[in-house]
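[1] Predicted model, plus sequence, below.
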Amino acid sequence: MDKSLTLLVVGSGGREHALIKKLRSQGHTGVIYCLPGNGGMANDAVCFPVGATDIDGIVGFAAEKKVGFAIVTPDDPLALGAVDRLTAAGVPCFGPEKKAAEIESSKVFAKDLMKKYGIPTASYEVFDDAGEALAYLETAKIPTVVKADGLALGKGVTVAFTREEAQAAVRSVMEDRVFGESGSKIVIEEYLEGPEVSVLSFTDGKVIKPMVSSMDHKRAYDGNRGPNTGGMGTIAPNPHYTPEVAERCMREIFLPTVNAMNAEGRTFRGCLYFGLMITADGPKVIEYNCRFGDPETQVVLPLLESDLGDVLEACANGALADVPVRFSDGAACCVVKASDGYPLKYEKGFPIVTDGLPAGADVIYAGAKLKDGVLVTDGGRVLGVVATGGDVASAREKAYKACEGVHFDNEFYRKDIGLY
Ligand code: AMP
Ligand code: GLY
């Protein structure tokens, strides 16, 4: 990629900040706009208050600023067709078109795709009627898993350990519509057990090149307790992702998924994220995301040795076969500092103070804004402290040391990222 190209990143979180930092650290000199971005990115990008789901606003902005390449990373604008619209307006883009993004935005679509093409996943039933779903649950094997079909801010999944819990999930999703139209259909699926692995991959629709594996920590509190969150920390690589598992995933899951999407006329170009469970029967897909994971991106990109801009461009152009995607043998750890009370109720507006980080550590901002020139907290997940090292243990130690160098009132963070 031409290092002087004007870029546009759509989104506002840590994932977007990590992408922008990587582009800058690899020498990108052109303007990088971020819509809407956040106050913690001010040194790395130019942020404008255009919402990530304001597709008309984004397309108009790209034309006005003569953007040379756009990177769309959040699920909502992808599901709304931001890439289709930008492409039609003549702006080259990294990210899947709307019909390919459905691999994340409809769980029913994703499950039916896997069934049709023999891609290993939990067995399942689909319901569009609450009565039928409740009748099915009378005799279903427990534990079981209830999933709203559509996007639900990562909260549409209930792992139910009792029949009553499963029934309550069906009622709140289908009858009370807590996730709106996302709950017009549900998937009820087999409960699987085993370690979870996230694998992000680059694909241009022809070849697929996996990134280094990672592990998310979704629960709010130490010991994997408490409510599910967007992710409280990550490590890369994931110790459960052995070379044998990787080889099997490529053969049984990654290539078949790219081929299946092509066969369906929904060629996927962009970052395809595989949420995997390594079961006693082998790796199975828990979920697909049509985008970089957050906070997985914060640990994966620091280990990328190849030029990110070249890779993004190659995914868009169908030229990924010719571009190397190489990662270092090292490791990375990201510890998320959140506002006390997250993911439920929390206060915002506390100043964020940084007083020195060890070498090899960095702060990635997510929920932060500038108020009268002072950076203050502005969300549940406020920032990620990221460090790299020779192995996970040393990256982890460095990340926790660096946590002492950045503070805000009312903060909390897990002390056990990377211990599993
Ligand atoms: P998702 O939002 O699809 O990532 O699901 C959230 C979490 O629910 C996953 O990270 C898993 O821990 C859990 N989960 C989802 N599906 C299953 C399943 N079939 N069996 C067991 N756990 C699951
Ligand atoms: N960290 C999980 C996700 O991005 O969906």
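    That came through, no problem. Ligands and ions are numbered 1, 2, ... in the order given.
[2] per-residue confidence at the closest residue to Leu301 other than its chain neighbours?
    Leaving aside its chain neighbours, Leu301 sits nearest to Lys22 (4.5 Å; criterion: C-beta to C-beta, 6 or more residues apart in numbering). (C-beta placed from N, C-alpha, C; glycine too.) Note on Lys22: pLDDT of 98.
[3] One more: Leu303?
    For Leu303, pLDDT reads 98.
[4] give me the beta-bridge partners of Cys333?
    Taking DSSP bridges, one obtains Ile235, Ala387 as the residues bridged to Cys333.
[5] my read: it touches Thr234, true?
    Yes - assessed by C-beta atoms under 8 Å, Cys333 is found in contact with Thr234 at 7.4 Å.
[6] Now list whatever residues contact both of the two.
    Common neighbours of Cys333 and Thr234, using C-beta atoms under 8 Å, 6 or more residues apart in numbering, are 299, 417.
[7] between these two, who's got more neighbours?
    Using other C-beta atoms under 10 Å as the criterion, Cys333 and Thr234 rank with Cys333 on top: 31 against 28.
[8] show me what contacts the more buried one?
    With C-beta under 8 Å, 6+ apart, Cys333 has these contacts: 233-235, 299, 386-387, 389, 392, 395-396, 398-399, 417-418.
[9] Is ligand 2 within reach of the helix or strand harbouring the residue nearest to Leu301?
    Using DSSP states H and E, Lys22 sits in helix 14-25. No - on the criterion C-beta under 6 Å from any ligand atom, helix 14-25 is out of touch with ligand 2, staying 7.4 Å away.
[10] elements contacting the helix or strand just after that helix?
    Counting by DSSP H and E, the element after helix 14-25 in chain order, helix or strand, is strand 32-36. Helices and strands touching strand 32-36, as assessed by 3 or more C-beta pairs under 8 Å, 6 or more residues apart in numbering; DSSP states H and E, comprise strand 7-11, helix 14-25, strand 46-47, helix 55-64.
[11] Tell me the helix or strand right after the last one.
    If I follow you right, that is helix 55-64. strand 69-72.
[12] hey, C-alpha coordinates of the helix or strand following that next one in CSV?
    The helix or strand immediately downstream of strand 69-72 is helix 75-79, counting by DSSP H and E. Taking Å, rounded to 0.1, in the frame of the first residue of the first chain, the C-alpha atoms of helix 75-79 are listed here in CSV:
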residue,chain,number,x,y,z
ASP,A,75,-20.3,-5.8,12.7
ASP,A,76,-23.1,-3.3,12.4
PRO,A,77,-21.9,-1.2,9.4
LEU,A,78,-20.8,-4.4,7.7
ALA,A,79,-24.3,-5.9,8.2
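[13] And helix 75-79, what does it pack against?
    So helix 75-79, by 3+ C-beta pairs under 8 Å, 6+ apart, packs with helix 98-105.
[14] quick one: contacts of the helix it packs on?
    Contacts of helix 98-105 (C-beta under 8 Å, 6+ apart): 75, 78-81, 83-84, 95-96, 109-110, 113, 150-151, 257, 261, 265-270, 272, 287-291.
[15] Among these, name the buried ones.
    Neighbour counting with 16 or more other C-beta atoms under 10 Å marks 75, 78-81, 83-84, 95-96, 109-110, 113, 150-151, 257, 261, 266-270, 272, 287-291 as buried within those.
[16] For Leu86, grab phi and psi.
    Note on Leu86: backbone dihedrals following degrees, to the nearest 10 are phi -60, psi -40.
[17] give me the number of residues near the closest residue to ligand 2 within the chain?
    Here the residue of the chain nearest ligand 2 is Gly293; by C-beta to the nearest ligand atom that distance is 3.5 Å. Using other C-beta under 10 Å, Gly293 is surrounded by 24 other residues.
[18] what sits against it?
    Contacts of Gly293 (C-beta under 8 Å, 6+ apart): 15, 198, 200, 214, 216, 231, 273.
[19] Can you report how many residues neighbour Phe292?
    Using other C-beta under 10 Å: Phe292 sits among 27 other residues.
[20] next one: Glu165
    Counted with other C-beta under 10 Å, the neighbours of Glu165 add up to 15.
[21] Give me the distance between the residue nearest to it when sequence neighbours are not counted and Ser213.
    Spatial nearest neighbour of Glu165, excluding adjacent residues (C-beta to C-beta, 6+ apart): Thr158 at 6.8 Å. To Ser213, Thr158 is 26 Å away according to C-beta to C-beta, to the nearest Å.
[22] again, but for Leu7
    27 Å.
[23] just Pro324 next, same as before
    From Pro324 to Ser213 the distance is 18 Å (C-beta to C-beta).
[24] out of the two, which sits in the more crowded spot?
    Neighbours were counted for Pro324 and for Ser213 using other C-beta under 10 Å; Ser213 has more, 25 against 12.
[25] Which residues are in contact with Lys107?
    Shown in contact with Lys107 (C-beta under 8 Å, 6+ apart): 147-150, 156, 187, 287.
[26] Could you do Ala169 as well?
    Contacts for Ala169 (C-beta under 8 Å, 6+ apart) come out as 146, 158, 160.
[27] Can you list the buried residues in the helix or strand harbouring it?
    Here Ala169, judged by DSSP H and E, is contained in helix 163-170. The neighbour-count check on helix 163-170 (16+ other C-beta under 10 Å) flags 166-167, 169-170 as buried.
[28] Pro227: which of these is nearest?
    The nearest member of the buried residues of helix 163-170 to Pro227, counting by C-beta to C-beta, is Ala169 at 14.3 Å.
[29] ok, now how distant is the closest residue to Asp76 other than its chain neighbours from ligand 1?
    Closest residue to Asp76 apart from its sequence neighbours, by C-beta to C-beta, 6+ apart: Thr53 at 5.0 Å. Here the distance between Thr53 and ligand 1 works out to 20 Å (C-beta to the nearest ligand atom, to the nearest Å).
[30] can you count the residues close to Thr53?
    Neighbour count of Thr53, defined by other C-beta under 10 Å: 14.
[31] got it, and the one 3 residues further on?
    For Asp56, the number of neighbouring residues by other C-beta under 10 Å comes to 9.
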